[in-house]
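Participant: Fold the following for me, if possible:
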Amino acid sequence: MKIFVNNFKIFIFFVFLTGIIYPVFITLTSQLLFNHEANGSLLIKNGKIIGSELIAQEFHQKQYFWPRPSAANYDSSASAASNLSPDSKLLHDTIAKRAIDNNLDIQTNDDLLYASGSGLDPHISPDSANRQLMRIIEARHLNEFQITKLKNAIIANTETRQFGILGKARLNVLKLNLLLDEQF
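Facilitator: Residues are numbered from 1 along each chain as shown. Below you'll find the model as predicted:
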């Protein structure tokens, strides 16, 4: 009986520690030190939430930058890769269709051809942004001054490697499209 009582006390202690103290500590710490991130990195415009800078949104209008394709149809509750093997005919057909839709060479290793692992990557490479420029310039009827301003905005909004070593240079599509609406 004594062993049962001791085990029950240990059980209660760890339930209290891991079920109450730890979650409260982590929640308070994240709210104090990383408030924006802890609350979903939401972007707000005119008092209205328009999205998260961490989850891709679908854009198909010609006047906007397009994100990477999504195997999850940009549904954060269904985040997933396509799970198609590299020699899958369906994968090759899908990439060929994307290449035609985006006027890209199928041999190009481009963000606009390949979906991210989660299907929700909100970033594209600077090269992918530059490949979309002509479509946006034509759709928005931009003049030479505005074109130069847009190219400079792409450079200015390019995020560098995280901590200087992780990942590659990238642009957040939602932030870039908000900038387009504000400035052009």
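
Participant: How about the contacts made by the closest residue in space to residue 44 that isn't next to it in sequence?
Facilitator: Nearest in space to residue 44, with sequence neighbours left out and distances taken as CB to CB, 6 or more residues apart in numbering, is residue 50 at 7.0 Å. In short, each C-beta sits where N, CA and C put it, glycine included. By CB atoms under 8 Å, 6 or more residues apart in numbering, the residues touching residue 50 are 43, 44, 174, 178.

Participant: what secondary structure does residue 177 sit in?
Facilitator: The three-state assignment at residue 177 reads helix, by DSSP: H, G, I helix; E, B strand; the rest coil.

Participant: surely it meets residue 65?
Facilitator: Yes. Between residue 177 and residue 65 a contact is recorded at 5.7 Å, counting by CB atoms under 8 Å.

Participant: Common neighbours of the two, please.
Facilitator: When contacts are counted by CB under 8 Å, 6+ apart, residue 177 and residue 65 have residue 59 as shared neighbours.

Participant: can you tell me how far the residue nearest to residue 44 sits from residue 175?
Facilitator: Per CB to CB, to the nearest Å, residue 50 is found 10 Å from residue 175.

Participant: Lowest-scoring secondary structure element of this protein by mean pLDDT?
Facilitator: helix 89-101 (a mean of 85; mean pLDDT, DSSP states H and E).

Participant: now residue 59: how far from residue 3?
Facilitator: 63 Å.

Participant: of the two, who's got more company?
Facilitator: residue 59 (16 against 7; other CB atoms under 10 Å).

Participant: nearest residue to that one other than its sequence neighbours?
Facilitator: Using CB to CB, 6+ apart, the nearest residue to residue 59 is residue 66, at 5.4 Å.

Participant: same thing with residue 96?
Facilitator: In space, residue 96 is closest to residue 106, 5.9 Å off (CB to CB, 6+ apart).

Participant: What are the neighbouring residues in contact with the one you found?
Facilitator: 95, 96, 99, 113.

Participant: any idea of the mean pLDDT in the longest helix that the chain contains?
Facilitator: Longest helix of the chain, by residue count under DSSP state H: helix 2-16. Mean per-residue pLDDT for helix 2-16: 95.

Participant: Stretch 38-47 now?
Facilitator: 89.

Participant: do stretch 110-128 as well
Facilitator: For stretch 110-128, the per-residue pLDDT averages 85.

Participant: in it, what counts as buried?
Facilitator: By neighbour count on 16 or more other CB atoms under 10 Å, the buried set for stretch 110-128 is 110-113, 115-116, 119-126, 128.

Participant: show me the contacts for the closest residue to residue 30 other than its chain neighbours.
Facilitator: Distances taken as CB to CB, 6+ apart put residue 38 closest to residue 30, at 4.0 Å, once the chain neighbours are dropped. Contacts for residue 38 (CB under 8 Å, 6+ apart) come out as 27, 30, 31.
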